[in-house]
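[1] got a predicted model here, sequence first, then my questions.
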Amino acid sequence: PTYTALQEQFLTSYEKFTDVELESAAELLNEETDVVENETKTQFKEDEYDLATAEAFLHTHNDLVFLRSDNKWISSARATKAQKTASLTHHFDVLHEAMKKQSQQAAKIEKKLSLIHGGYVNRHNTLMAQISEKYENVVQLKTELASFEALRAKEVEGVARRKQKIEREVGELVQKENRLQLRYANLLNEKEIAKA
């Protein structure tokens, strides 16, 4: 028998099992899965193992079709076009509903985050505006300081020149004063001599 024929045989003939038998089978399957996973992981690298697992899942999933009306899985080879279409429609509807729920949850989370982080965002914007304003003030004050320091340097240099000029002028005035005082004294002597 082919693989598909075996699948069809198992899919069409179900046996009823008790909960205890199902739990025991689940434990055995879990143990076997762990053994197979460990052996497979030693044979393949982690990425190769994940790829092989995904390929096996897709192969199995693509081989089966879920009939919603009968609430069972059947082989894709046995399903009619209508059953395949109904299965894909059901799968699409399930994914669409899940997407809607996730979208609503995301919207709720975004709303909560905007409430929670809204204060932080406002505070951030306020602080950034203050920092920008302070920075501009610092730049302006640095420019003004540089200008005033340049003016001070020019003034210091100018003061030294003016001081030298004034000292020269004072020296000349003192010499002129001394000459004039000397001449005045001479003129007074001549006046006294002329009166005598």
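    Done, it's in.

[2] once you drop chain neighbours, what's closest to A25?
    In space, and not counting its chain neighbours, A25 is closest to F17: 7.4 Å by C-beta to C-beta, 6 or more residues apart in numbering. In this view, the C-beta of every residue, glycine as well, is placed from N, C-alpha and C.

[3] in three-state terms, label the one you found for me.
    Judged by DSSP: H, G, I helix; E, B strand; the rest coil, the three-state class of F17 is coil.

[4] relative to the whole chain's centre, how far out is stretch 139-149?
    Centroid displacement of stretch 139-149 relative to its chain, using C-alpha atoms, centre = their mean, to the nearest Å, is 36 Å.

[5] please read the previous query as pertaining to stretch 177-185.
    Here stretch 177-185 is found 89 Å from its chain centre; the criterion is C-alpha atoms, centre = their mean.

[6] lowest-confidence helix or strand of this structure?
    helix 3-12 (a mean of 61; mean pLDDT, DSSP states H and E).

[7] and the residue nearest to A25, how far from A26?
    11 Å (C-beta to C-beta, to the nearest Å).

[8] repeat for G158
    For G158, the distance to A26 (C-beta to C-beta) stands at 99 Å.

[9] any idea how far L187 is from the residue lying farthest from the centre of the chain?
    For the chain, the largest distance from the centre (C-alpha atoms, centre = their mean) belongs to A196, which lies 111.0 Å off. Distance, A196 to L187, by C-beta to C-beta: 15 Å.

[10] same check on E37?
    131 Å.

[11] show me how far stretch 133-144 is from its chain's centre.
    Going by C-alpha atoms, centre = their mean, the spacing between the C-alpha centre of stretch 133-144 and its chain's C-alpha centre is 29 Å.
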